[in-house]
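*Asks:* Following is a predicted model, sequence given first.
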Amino acid sequence: MSLVLNEEQVMLKDSARDFLQSRAPVSHLRELRDSASTEGFSRELWSEMAEMGWPAILVPEQHGGLGYGYTGMGIVLEESGRTLTPSPLLSTALICTAAIVKAGSEDQCEAILPAVAAGEHLLALACDESAQHTPGVNGTEAARNGSTYRINGRKTVVVDGHFADTFIVSARTDEGMSLFLVPASAKGVHVEAYHVLDTHFAANVQFEQVEVEEKDLLGPLHGGQAILDYILDVGRVGVSAELLGLAQEAFERTIEYLKERKQFGVPIGSFQALQHRAAHLFGEIEMCKSLVLKVLNTLDEADDGDPELVSLTKAKLGETAHLATTEAIQMHGGIGMTDEFDIGFFLKRCEILESLFGDNYFHLDRFARQRGY
Amino acid sequence: MTHTDSFRQEVRDWLEINCPESMRKPYRNEAEACWGGRNCEFYSEDQKNWLQRMVSKGWTVPVWPEEYGGADLDREQAKILKEELRRINARPPLESFGISMLGPPLLKYGTEAQKQQHLPPIARGEIRWAQGYSEPNAGSDLASLQMRADDMGDHFNVNGSKVWTSYGDLGDWMFCLVRTDFEAPKHKGISFVMFDMTNEGVSTRPIKLISGKSPFTETFLENTRVEKDQVIGEINDGWTIAKYLLSHEREMIAGSGISASGTLPVSQSAIKAMGTENGILSNTMLRTDIARFEIDERCLELTIERARDEVKAGVSLGAAASMFKYYGTELNMRRYELLMSIGGHDALVWAGESSRDGYLPKMWLRTKGNSIEGGTSEIQLNIVAKRILGLPG
């Protein structure tokens, strides 16, 4: 596959950009924060996104979706990274939908996917349990009890956990790890929502003697790890696409500022000390564009993805977006430190995305392991 | 089978028969690279056959028109040929500044007679070209060059000196920037000329580098005759040609950031030298740097691929060549820093069989020039800042 967008993808990108820039620019995030929204996103906006077809992008046509694939989803996420728009795109439309499409039974697909595609059902992945992302370690247990399972454990930083209708929960079973679909309304599910630093929300979710049935297993019993690894990779790619949009936007805003802001009677962008740093950053962002497009193509082409390329991408995007947002603050000078000015939002969102599903060190390590060192 | 699949099969079959086994291994030393030219000596029959066979297909210059020695391949086919060559670790049949630097501007700006005269011998590897750009007082500020070409009516009489001529002592012909108008602003008085280096008054002197090697020369011209039909483009408009050539040169240099086919990845060298514990490289601090390096190496590779796909889709590369030159050279320098750390004390040995005559430390020293030659890293960043980002000043 060629590393340029095709005509259909370019149209998707343009329409996503138009929609987000007009309906949900950065000021939308600011309004949510200042209005002390307890959900951290706008359900009205989500309905509009559903009308645009975004939650249907990954859903196969036979379940009421569009079947555009990962590249299409990545394009939309990249654009929403530019506007820092809070929405269930990452968690519901990408990660959990990918999980159900990949591992769900016909009944599960039929029960959930059409509602997801219509924007009427929200999902969250509950897998992390500690301050560091360690997807192989699981303190949550699903004990067999006759024909049912009882889940006990506590999950942290569950993205969109505060409003999800259904959770995908990873839990230890006798001979391995299994994934379960658990309704948020099930008895014994306690959700504790909290604000994170970018004004988005997340939740810790306690599962206390939560009873589920065989039919709630997502994928084979004891066979959850491979599915989890795959959907985490999908999530990492989605985060990388969002980071790409965020880094480009922060960079472009900074370049504009360098051209406008005058000191010593000249635009500060005429100073070589700043020019060289900007030019270096330009190169790094160009590298990131190639990575994101390549890894999205790979997800569409290869059933199991490419863990080495995913970790490479997540690590590089994390480091580059970090550089782009810290340079953005420095080059904006004092005004960049003020709450009134938007650039600080990019730094905050970047910090969240960097840490999500494994930070830069996690992925440097995983990349090296994949390459045999 | 699609059109491209059948082309790939055709290439693969042909290479299987025609690329000698010994030409599918990395160079053992620099002397094994084939540069062609009047004084070319093949070190083996295989090397000679490989060049001649590729020449007969037009594949030393696959995208050039057939009439000039090429194969008229489109970019998709050229990419396939490249991939197939890489797949079998084939050596380039010919290393050539004629191909990588002079060819593109000659094709774009040359007269028909100039193309007929120069392109086919370049494609066949018969004439080796040298580049006359930098001067003692014109390095980063290249346009201030002073080599003087006086108009004698039917020809130019040229005097002055060039520096940093790659393999100047081995060149047959030189393409060269000279000043033809001393009154005009510096960019407006330059012409791009070509001459035979056996002409009267041309001499060279090797420059010994910190690596102990002499891949560059100074080149002196004393009343050297240059014919008027050997000017590319208009007289005094040589800067246009010079810049066009430089963007191609930079694109070529950028490729040095990617490991050549057949060389060991840096991480594999580290494993061999240092070993692993529980599957992890023993030196964990170095491991992180190696991982970052290998990530950037892949980044560059994919971005060059993307740029080629974009060119195919009609987007021009332009000033982006400067970004590639910067990124590629910085990466190659990092590669040798890592290899020196991996080598430890062994990497300090300067001579003798065990160190292949100090191959590694000499290469490491040589790479220090990567961020200087072809326009320094700082010049490339200036170009990106001004021409791509549109920053003022």
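*Replies:* Looks like it came in fine. Numbering: from 1, shown residues only, chains lettered A, B, ... in the order given.

*Asks:* Is there a neighbour count for the residue of the stretch 1-150 of chain A found nearest chain B? I'd like the number.
*Replies:* The stretch 1-150 of chain A approaches chain B most closely through residue A:3 (3.9 Å), counting by CB to the nearest CB. Every residue, glycine included, has its C-beta placed from N, CA and C. Close neighbours of residue A:3, defined as other CB atoms under 10 Å in any protein chain shown, add up to 19.

*Asks:* Tell me where the model's unsure across the stretch 51-200 of chain B.
*Replies:* Nowhere does the stretch 51-200 of chain B drop to pLDDT under 70.

*Asks:* At which residues are the helices of it located?
*Replies:* B:75-87, B:97, B:103-109, B:112-123 (DSSP state H, counting those that start in this stretch).

*Asks:* Next one: the residue in chain B positioned nearest to chain A from residue A:252, what distance?
*Replies:* Of all residues in chain B, the one sitting closest to chain A is residue B:393 (3.0 Å; CB to the nearest CB). Residue B:393 is 19 Å from residue A:252, where distance means CB to CB, to the nearest Å.

*Asks:* These two: which has the busier surroundings?
*Replies:* Neighbours were counted for residue B:393 and for residue A:252 using other CB under 10 Å; residue A:252 has more, 15 against 12.

*Asks:* other SSEs contacting the strand or helix carrying residue A:250?
*Replies:* Element membership for residue A:250, per DSSP states H and E: helix A:224-260. With contacts taken as 3 or more CB pairs under 8 Å, 6 or more residues apart in numbering or on different chains; DSSP states H and E, helix A:224-260 sits against helix A:69-83, helix A:97-103, strand A:166-173, strand A:176-183, strand A:266-267, helix A:272-301, helix A:307-332, helix A:343-355.

*Asks:* contacting residues around the third one?
*Replies:* Counting by CB atoms under 8 Å, 6 or more residues apart in numbering or on different chains, the neighbours of strand A:166-173 from elsewhere in the structure are A:96, A:99, A:112, A:121-127, A:135, A:138-142, A:144, A:149, A:151, A:153, A:155, A:158, A:161, A:177-184, A:189, A:205, A:207, A:218, A:221-222, A:224, A:228, A:231.

*Asks:* Mind doing that once more with 6 Å?
*Replies:* A:96, A:99, A:123-127, A:138, A:140-142, A:151, A:177, A:179-183, A:222, A:224, A:228 (CB atoms under 6 Å, 6 or more residues apart in numbering or on different chains).

*Asks:* residues of it that come out buried?
*Replies:* Buried residues in strand A:166-173, counted by 16 or more other CB atoms under 10 Å in any protein chain shown: A:166-173.

*Asks:* Pull the most distant pair out of those residues.
*Replies:* A:166 and A:172 (20.5 Å; CB to CB).

*Asks:* Check which residues of stretch B:3-22 are buried.
*Replies:* Neighbour-count burial for stretch B:3-22, counted by 16+ other CB under 10 Å, picks out B:7-8, B:11, B:15, B:18-20.

*Asks:* Relative to its centre, which residue of chain B is most distant?
*Replies:* Distance to the chain centre peaks in chain B at residue B:278, reaching 41.8 Å (criterion: CA atoms, centre = their mean).

*Asks:* So for the residue nearest to residue A:137 when sequence neighbours are not counted, what's the pLDDT?
*Replies:* Spatial nearest neighbour of residue A:137, chain neighbours left out: residue A:129 (7.1 Å); criterion: CB to CB, 6 or more residues apart in numbering or on different chains. pLDDT for residue A:129: 95.

*Asks:* Surely residue A:129 and residue A:139 touch.
*Replies:* Yes - the pair residue A:129 / residue A:139 is scored as a contact, 5.4 Å apart, by CB atoms under 6 Å.

*Asks:* what pairs with the closest residue to residue A:196 other than its chain neighbours across the strands?
*Replies:* For residue A:196, the nearest residue in space outside its immediate sequence neighbours is residue A:202; the separation is 5.4 Å by CB to CB, 6+ apart. Residue A:202 has these beta-bridge partners by DSSP bridges: residue A:159, residue A:194.

*Asks:* and the buried residues of stretch B:3-22, which two are the farthest apart?
*Replies:* B:7 and B:20 (22.6 Å).

*Asks:* show me where pLDDT drops low in the stretch 201-350 of chain A?
*Replies:* The stretch 201-350 of chain A contains no residues with pLDDT under 70.

*Asks:* Leaving out sequence neighbours, find the closest residue to the residue in chain A positioned nearest to chain B.
*Replies:* Using CB to the nearest CB, residue A:270 is the residue of chain A that sits closest to chain B, at 3.0 Å. Leaving aside its sequence neighbours, residue A:270 sits nearest to residue B:393 (CB to CB, 6+ apart; 3.0 Å).

*Asks:* Closest one of the buried residues of strand A:166-173 to residue A:46?
*Replies:* Nearest to residue A:46 among the buried residues of strand A:166-173, with distances taken as CB to CB, is residue A:166, at 16.0 Å.

*Asks:* Could you tell me whether residue B:345 really is in a helix?
*Replies:* Yes - judged by DSSP: H, G, I helix; E, B strand; the rest coil, residue B:345 forms part of a helix.

*Asks:* Near it, how many residues? Count them for me, please.
*Replies:* Count around residue B:345 with other CB under 10 Å applied: 6.

*Asks:* swap in the one 5 residues further on?
*Replies:* A count of neighbours around residue B:350, defined by other CB under 10 Å, yields 10.

*Asks:* Provide the backbone phi and psi angles at the closest residue to it other than its chain neighbours.
*Replies:* Counting by CB to CB, 6+ apart, residue B:358 is the residue found nearest to residue B:350 once chain neighbours are left out, at 4.1 Å. Torsion angles at residue B:358 (phi, psi; degrees, to the nearest 10) stand at phi 70, psi 30.

*Asks:* Just to check, residue B:358 is in contact with residue B:347?
*Replies:* No - assessed by CB under 6 Å, residue B:358 is found out of contact with residue B:347, at 9.1 Å.

*Asks:* Can you list the neighbours in contact with stretch A:178-197?
*Replies:* For stretch A:178-197, using CB under 6 Å, 6+ apart, the contacting residues are A:162, A:164-170, A:201-206, A:208-210, A:212, A:216, A:218-219, A:221-222, A:224, A:227, A:348, A:352.
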